[in-house]
Structure formats: C-alpha cells, structure tokens
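*Asks:* sharing a model prediction with you, sequence too.
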Amino acid sequence: MSRDPWLALESQRRRRHWKQWPWGLIALALAVLFTVGMFGLVLIGAASVRPPGDGGSALNLRAYFIALMVAELLAAVGCITAAVLAWRLNRGKVAAGLAIILLSLWLGALSYGLL
C-alpha cells in the first residue's frame, strides 16, 4: 500500500461504495421486472391448459413455471431490500415508494386470487 494521498484518492474515486448506489432506482427496476415476470407466469399458465377432448398434446412447462416462480421470489425480496435501503440511506425515496406500491399491488392481486 502506497502512502501517496493522490493514489489513495484516485482508488477511492474508482471504487463506488454500496451505500452510494441508487437504491430507489434499483428497487423500481426490480418491481418492473417482477411485473414482467407476472405476465410471463400468466402466459405460461395459459399455455399449459389442455383443450377439451385433447389426449395430451398440451405443453409441459412445469420446469419453466418453477424457475420463473423462484426468480419472482428473488425479485420481490430484492425489491423490498432495495426499497428499505433507499429509504434509510436517502437514495431515491420516491422511486422506492413507487416500487413498493407496484409490488404491493401485484402481491395483493396474488393473495386475492389465492383466497
């Protein structure tokens, strides 16, 4: 490690600390990704329905459905985590609020469908 203050300052400029990331925009991007994934789940669900009178020519999309559900879970947890970080670190509170609203609307629609 050198003792030159200019080198230390330059290395600090190159490396961006995680607390300085735009957490609100990250949360909003994950909420939009969650929304797109929900449309994908609906499309997979519609494609896997067997038409009446068909012996078994429906597509088997169970593996894709499970993989997309895992990705949806990760996106939801990441969105909530990024929104909390954005709110606590003052790094995009408005975008984080929009992300939580969008995520809560989708999770509310899912829970309404399950009940």
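*Replies:* Perfect, I can see it now.
*Asks:* with adjacent residues omitted, what lies nearest to Gly78?
*Replies:* Nearest residue to Gly78, sequence neighbours excluded (Cβ to Cβ, 6 or more residues apart in numbering): Leu30, at 4.9 Å. Any C-beta I mention is one placed from the backbone N, CA and C, and that applies to glycine too.
*Asks:* and that neighbour, what pLDDT?
*Replies:* Each residue has a pLDDT score; the one for Leu30 is 95.
*Asks:* in which helix or strand would I find it?
*Replies:* If you go by DSSP states H and E, Leu30 is part of helix 23-47.
*Asks:* report the distance from that helix to the chain centre.
*Replies:* 7 Å (Cα atoms, centre = their mean, to the nearest Å).
*Asks:* one more: stretch 94-112?
*Replies:* For stretch 94-112, the distance to the chain centre is 11 Å (Cα atoms, centre = their mean).
*Asks:* pull out the buried residues from the helix holding Leu30.
*Replies:* 23-34, 37-38, 41, 44 (16 or more other Cβ atoms under 10 Å).
*Asks:* ok, back up a step: need the contact list for the residue nearest to Gly78.
*Replies:* Residues near Leu30 by Cβ atoms under 8 Å, 6 or more residues apart in numbering: Ala75, Ala76, Gly78, Cys79, Ala82, Ala99.
*Asks:* which residues touch the last one?
*Replies:* Think Ala99. Gly24, Ala27, Leu28, Leu30, Ala31, Cys79, Ala82, Ala83.
*Asks:* if we use 10 Å, what do you get?
*Replies:* Going by Cβ atoms under 10 Å, 6 or more residues apart in numbering, Ala99 touches 23-32, 34, 79-80, 82-83, 86, 92.
*Asks:* isn't Ile101 right up against Thr35?
*Replies:* No: applying Cβ atoms under 10 Å as the test, Ile101 and Thr35 come out as separate, 11.7 Å apart.
*Asks:* Pro22: neighbour count?
*Replies:* Pro22 has 14 neighbours, counted by other Cβ atoms under 10 Å.
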